[in-house]
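Chemist: attaching a predicted model along with its sequence, questions to come.
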Amino acid sequence: MNKKRILFMLTGLIVVTAVIALFLAPWFKSADPSRSVFINQWGFLPHQNKIAVLFADSTKPFTVTELKTNQPVMKSKTTPTETWALAGQPVSRADLTGVTEPGEYRLNIKGAEPVFFSISTNPYGALHDAAIKAFYYARAGLALDPAFAGKWHRSAGHADTSVQRINSTSGNTTAHRKGWYDAGDYNKYMVNSGITTYTLMRAYLDHPDFYTNRYWNIPESMNERPDILDEIMWNLDWMVSMQDTDGGVYHKLTTLNFAGPVMPDAAVAQRYTTAKSTAATLNFAAVMAVAARLFEEQSEMYLERASRALAWAQDNPQQYYRNEERVSTGEYGDTALTDEHNWANIEYAISSQNQAMLVRSIKQLADVSVPSWASTTGLSYLSLLRDARALLPASAYEKLKRAFSGHADQLVTIQQNNAFRIPAIADDFVWGSNAVMMNKAMLLEVAWSLDNQRAYRDASLALVDYISGRNPTGYSFVTGFGKQSPRFIHHRPSEADGIADPVPGWLAGGPQNGHQDNCQYPSDLPALSYLDAWCSYSTNEVAINWNAPLVYVLGSIVADPL
């Protein structure tokens, strides 16, 4: 029995036990928000800041009791009230940071319902493994075996061996196998695959020792390659198939319309590749260049594909994508491509060791910003700071680092002035607001790794606290984890499989008051406008690019705890 098999079996037992325990945790929804206490429902590290928040118009006495002994370990008062306009109510905070001993605790605040919290040396390991395993559950063209998928096993769907070109009259078909379903739907989009695949590759590049012996029971867990690399390869293979012979890349693989709430094997409408686009081609070029650094045995092939994509994009700098007349699925349209051009050039320069190209590229670099599928400047900074130090003049590298640290400092300042003590502002509450929070946390984790400033890790952990329950909705936003987690995500397999529990490990989109669907929301306030319902695709859908930064952040914390 080889080393990987032994480690895989041991890790599998630990993860399964942890997930079962979390699924058996009581699920509740408080009927009276005024009596609710909002707290991390996943558990704290011993020396992590531990904050509970409640709606209150005055300070309240509180007691923390250790459950094993039933003895109080802390008595204090909550803070004077502050108001977070995005939640619309005065709040007060209970600071529990002084409790550091691993164990189970009860928090009683006068006038509020008691809540329970835990402290342990590894509260986030099982969560990380579930968040990355969600990508296995999202694989196209693969039957999910009960040995790996448990009760969420399913038949294969969308082999994508007979895909048509959208406006072709030849009738010819091509094969575009593998890849991940993008979100709650069954289509595959190059632009969104770009940031997703990069973020997972970044996780491995930044924490290779952590991932070398980390397994979460997927079909490839028995081979000698780390599971995260096997998962990344599943999507890279699809991405490679989407490049045309001229170097350009098709924008997406899609049906004409979204499928209904059915399982993948029942969604049998004809699938198409759409027009090529500059955005898709540049995302492809950047990802292929990074893959060349990650997969030595295929490095030459990935770099050559990146080179051809860059050449096509240079000849077609403004080939913007708009849905064809018959197509009504996600567009991922982007007409501001300076950031993508720069990102692709930077990644290619790093992988090809082209110092002159790299120095030219950083002169075009915009200010640090939170990454998203439409805004990739932040990704350029991550690669420059983590992978390009040896290629850059010392002065240029230090300038980039100061700019990055300055952005992290701004997030810390926002956190300190927020009533919930999270680095969030009104502009964060967009479609996929929880991904905004996790991408901020990813930047903070990288800043922590570069400078070892405790404030950066504290702010990152505050954002983990936010998605794990310290938010005005009271939800832990990852399916299957926490006492109150989403049950009715906008995710076709979870809706159609006849199983009460949704597929675990998915990060729900999160609150935002755009109300792009026809649901009835409990509030119009941005931080409260969330609904755990299938109809709420604007707040309760899941997506691969939202899970990827969650994986990065949790992996970074588990690999390098306080």
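Modeler: Thanks, I have it.
Chemist: could you point out the helix or strand that follows the helix-or-strand element of the chain with minimal mean pLDDT?
Modeler: Across the helices and strands of the chain, mean confidence by mean pLDDT, DSSP states H and E is lowest for helix 3-24: a mean of 41. Sequence-wise, the next helix or strand downstream of helix 3-24 (DSSP states H and E) is strand 37-38.
Chemist: show me what that next one is packed up against.
Modeler: Judged by 3 or more C-beta pairs under 8 Å, 6 or more residues apart in numbering; DSSP states H and E, strand 37-38 is in contact with strand 51-55. From N, CA and C alone the C-beta is placed, and that goes for glycine too.
Chemist: in its sheet, what does the strand it packs on sit against?
Modeler: Strand 51-55 pairs in its sheet with strand 37-38 (antiparallel), strand 89-95 (antiparallel), by DSSP bridges.
Chemist: given the helix or strand just after that strand, what are its sheet partners and their directions?
Modeler: Note on strand 51-55: by DSSP H and E, the next helix or strand toward the C-terminus is strand 61-66. Here strand 61-66 is paired, per DSSP bridges, with strand 71-77 (antiparallel), strand 103-109 (antiparallel).
Chemist: tell me the most buried of these?
Modeler: The highest mean neighbour count among the strands paired with strand 61-66, using mean count of other C-beta atoms under 10 Å, belongs to strand 103-109: a mean of 18.
Chemist: in TSV, list the strands paired with strand 51-55 along with mean neighbour count and mean pLDDT.
Modeler: Below are the strands paired with strand 51-55 laid out as TSV (neighbours: other C-beta atoms under 10 Å; pLDDT from 0 to 100):
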stretch	mean neighbour count	mean pLDDT
strand 37-38	25	98
strand 89-95	21	97
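Chemist: dump these into JSON lines; add distance to Ala126 as well.
Modeler: Converted to JSON lines, the strands paired with strand 51-55 look like this (distance: least, C-beta to C-beta, whole Å):
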{"stretch": "strand 37-38", "distance to Ala126": "22"}
{"stretch": "strand 89-95", "distance to Ala126": "26"}
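Chemist: of all those, which lies closest to Thr376?
Modeler: Closest to Thr376 of the strands paired with strand 51-55, according to C-beta to C-beta: strand 37-38, at 33.0 Å.
Chemist: what is the neighbour count of Leu391?
Modeler: 18 (other C-beta atoms under 10 Å).
Chemist: from here on, count from 47
Modeler: All right, first residue 47 from here; so that's Leu437.
Chemist: residues touching it, list them.
Modeler: The neighbours of Leu437, taking C-beta atoms under 8 Å, 6 or more residues apart in numbering as the test, are 395-396, 399, 401, 404.
Chemist: just Leu574 next, same as before
Modeler: 133-134, 518-519, 557, 568.
Chemist: that one and Ala554: what is the separation?
Modeler: To Ala554, Leu574 is 15 Å away according to C-beta to C-beta, to the nearest Å.
Chemist: and what of Lys298?
Modeler: According to C-beta to C-beta, Lys298 stands 23 Å off from Ala554.
Chemist: the two: which is more packed in?
Modeler: A count of neighbours by other C-beta under 10 Å puts Ala554 above the other of Lys298 and Ala554, at 30 against 27.
Chemist: what are the phi and psi values for that one?
Modeler: Main-chain dihedrals, Ala554, degrees, to the nearest 10: phi -70, psi 150.
Chemist: please apply the same query to Lys234.
Modeler: Per-residue torsions, Lys234: phi -130, psi 120 (degrees, to the nearest 10).
Chemist: again, but for Phe163
Modeler: Main-chain torsions, Phe163, degrees, to the nearest 10: phi -140, psi 160.
Chemist: which residues does it contact?
Modeler: Residues near Phe163 by C-beta under 8 Å, 6+ apart: 85-87, 89-90, 96, 98, 142, 150-151, 153.
Chemist: circling back to that earlier point, pick out the most distant pair among the contacts of Leu437.
Modeler: Across the contacts of Leu437, the longest distance by C-beta to C-beta is 9.8 Å; it joins Ile396 and Gln401.
Chemist: the more surrounded of the two?
Modeler: Taking neighbours as other C-beta under 10 Å, Ile396 and Gln401 compare with Ile396 leading, 25 against 15.
Chemist: the more buried one sits in which helix or strand?
Modeler: Per DSSP H and E, Ile396 falls inside helix 384-397.
Chemist: and for Tyr443?
Modeler: Assessed by DSSP H and E, Tyr443 sits inside helix 440-462.
Chemist: what is the burial count for the nearest residue to Ile274 once chain neighbours are set aside?
Modeler: In space, and not counting its chain neighbours, Ile274 is closest to Tyr257: 4.9 Å by C-beta to C-beta, 6 or more residues apart in numbering. By other C-beta under 10 Å, 20 other residues sit near Tyr257.
Chemist: ok, now the one 3 residues further on?
Modeler: Using other C-beta under 10 Å as the criterion, Arg260 is surrounded by 22 other residues.
Chemist: got the contact list for it?
Modeler: By C-beta under 8 Å, 6+ apart, the contact set of Arg260 is 57, 175, 272-274.
Chemist: out of the contacts of Phe163, who's nearest Gly217?
Modeler: Gln87 (53.9 Å).
Chemist: and the pLDDT for the closest one?
Modeler: Looking at Gln87, its pLDDT stands at 98.
Chemist: what pLDDT is listed against Leu608?
Modeler: For Leu608, the model assigns a pLDDT of 88.
Chemist: dump the residue contacts of it.
Modeler: Leu608 sits in contact with 91-94, 503, where contact means C-beta under 8 Å, 6+ apart.
Chemist: for those residues, work out which two are farthest apart.
Modeler: Spatial extent of the contacts of Leu608 (C-beta to C-beta) is set by the pair Pro92 and Arg503 at 13.8 Å.
Chemist: between those two, which is the more surrounded one?
Modeler: Under the criterion of other C-beta under 10 Å, the comparison of Pro92 against Arg503 puts Arg503 first, with 24 against 16.
Chemist: show the contacting residues for that one.
Modeler: Counted by C-beta under 8 Å, 6+ apart, Arg503 has contacts 490-491, 494, 608.
Chemist: quick check, nearest of those to Gln456?
Modeler: Nearest to Gln456 out of those is Leu490 (C-beta to C-beta; 10.8 Å).
Chemist: that closest one: neighbouring residues, count only.
Modeler: Using other C-beta under 10 Å, Leu490 is surrounded by 28 other residues.
Chemist: could you dump the contacts of Leu574 to CSV with neighbour count, pLDDT and distance to Phe194?
Modeler: Compiled in CSV, these are given as follows (neighbours: other C-beta atoms under 10 Å; pLDDT from 0 to 100; distance: C-beta to C-beta, whole Å):
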residue, neighbour count, pLDDT, distance to Phe194
Ala133, 22, 97, 40
Gly134, 15, 96, 44
Pro518, 26, 97, 37
Thr519, 24, 97, 32
Pro557, 27, 98, 33
Pro568, 11, 95, 37
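Chemist: of all those, which comes closest to Pro439?
Modeler: Nearest member of the contacts of Leu574 to Pro439, counting by C-beta to C-beta, is Pro557, at 44.0 Å.
Chemist: surely that closest one is in contact with Thr585?
Modeler: Yes. With contact defined as C-beta atoms under 8 Å, Pro557 counts as touching Thr585 (6.1 Å).
Chemist: ok, the residue nearest to Gly134 when sequence neighbours are not counted - contacts?
Modeler: The shortest distance from Gly134 to any non-neighbouring residue, by C-beta to C-beta, 6+ apart, is to Leu571 (4.8 Å). Each residue near Leu571 by C-beta under 8 Å, 6+ apart is listed here: 132-134, 559.
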